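In: Okay, structure incoming, though there's no sequence with it:
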DNA sequence: GTCGATACTTACCAATTGGTGGGCAACTGA
DNA sequence: TCAGTTGCCCACCAATTGGTAAGTATCGAC
């Protein structure tokens, strides 16, 4: 039975459980997938994201955006204007989790 | 653009964001998917699960199992024996999240 | 000069999550 | 009599996560 996978960079064996736990770390958080879902087919400004996710606090939104950028899932573009204008775009890497969202949308129905 | 879905039971409109948030609630937790992954093709006793998930504390394991049973994802069968014997089996409902695990396994690779 | 707009930051707090280490019940076999 | 087995509970604690409400910087418009 196949329970482990090769990591292509160095051949190190990474057990399935570790990969799953890492994936859970990456996608979890109360609002994270909502943000990615929002950005799946448009670039949005900070304020637009905030308005489109009612209930999220600024502190958390800023924090999530920062982490998503660090993870390489979002690209942040600041125009040097005043008042500030900042845009967030989903990267290719971020786009890999879109199918997860679609699947979760199906699966989630059963648990409402 | 399709951003909402009909809930089949009463026709109530449930926005996509709510469904996603619910799905996240259901699958998240440090160990939850590991447990489901373990049980994907065999029934296991409590002690076996514990041994197969190194690092999990008893308190958390018991708690997770209880919640998974409540969610209808796991079935618990107690034989009235001493010392106790308790088996956990993945239900059909629980089986719906197996594809999520498989997808996360693919996606998670990129974030190791 | 003060207001509004925008994208944050900060201090403080509350709730949730997870971990540690012990205990317990009930029977069996030595 | 007494340790071993097994599934689970409990009190307590620490870390993480999330929320509230306020403040900041900079500009143009009135």
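Out: Received the coordinates, thanks. Just so we're clear, the structure is a prediction, and the values are computed from it rather than from any experiment. Residues are numbered from 1 along each chain as shown, chains lettered A, B, ... in the order given.
In: got a list of contacts for stretch A:69-77?
Out: Residues outside stretch A:69-77 that contact it (C-beta atoms under 8 Å, 6 or more residues apart in numbering or on different chains) are A:26, A:36, A:39, A:65, A:68, A:86-91, A:93-94, A:97, B:111. In this view, the C-beta of every residue, glycine as well, is placed from N, C-alpha and C.
In: could you redo the last one with a cut-off of 7 Å?
Out: By C-beta atoms under 7 Å, 6 or more residues apart in numbering or on different chains, the residues outside stretch A:69-77 that reach it are A:26, A:36, A:65, A:68, A:86-91, A:93-94, B:111.
In: from the middle of its chain, how far away would that stretch be?
Out: Centroid separation for stretch A:69-77 versus its chain: 9 Å, with C-alpha atoms, centre = their mean, to the nearest Å.
In: pretty sure residue A:55 is in a strand, no?
Out: No. Counting by DSSP: H, G, I helix; E, B strand; the rest coil, residue A:55 is not part of a strand but coil.
In: related to what we said a few turns ago, okay, the contacts of stretch A:69-77 in a markdown table with distance to residue A:76 next?
Out: As requested, the contacts of stretch A:69-77 are arranged in a markdown table below (distance: C-beta to C-beta, whole Å):
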| residue | distance to residue A:76 |
| --- | --- |
| A:26 | 18 |
| A:36 | 14 |
| A:65 | 7 |
| A:68 | 9 |
| A:86 | 6 |
| A:87 | 7 |
| A:88 | 6 |
| A:89 | 8 |
| A:90 | 11 |
| A:91 | 10 |
| A:93 | 14 |
| A:94 | 12 |
| B:111 | 19 |
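In: For those, give me JSON lines that also has secondary structure, neighbour count and pLDDT.
Out: Shown next, in JSON lines, are the contacts of stretch A:69-77 (DSSP: H, G, I helix; E, B strand; the rest coil; neighbours: other C-beta atoms under 10 Å in any protein chain shown; pLDDT from 0 to 100):
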{"residue": "A:26", "secondary structure": "helix", "neighbour count": "20", "pLDDT": "94"}
{"residue": "A:36", "secondary structure": "helix", "neighbour count": "22", "pLDDT": "97"}
{"residue": "A:65", "secondary structure": "helix", "neighbour count": "18", "pLDDT": "97"}
{"residue": "A:68", "secondary structure": "helix", "neighbour count": "23", "pLDDT": "97"}
{"residue": "A:86", "secondary structure": "strand", "neighbour count": "15", "pLDDT": "97"}
{"residue": "A:87", "secondary structure": "strand", "neighbour count": "16", "pLDDT": "98"}
{"residue": "A:88", "secondary structure": "strand", "neighbour count": "22", "pLDDT": "98"}
{"residue": "A:89", "secondary structure": "strand", "neighbour count": "13", "pLDDT": "98"}
{"residue": "A:90", "secondary structure": "strand", "neighbour count": "24", "pLDDT": "98"}
{"residue": "A:91", "secondary structure": "coil", "neighbour count": "15", "pLDDT": "97"}
{"residue": "A:93", "secondary structure": "helix", "neighbour count": "15", "pLDDT": "96"}
{"residue": "A:94", "secondary structure": "helix", "neighbour count": "21", "pLDDT": "97"}
{"residue": "B:111", "secondary structure": "coil", "neighbour count": "17", "pLDDT": "92"}
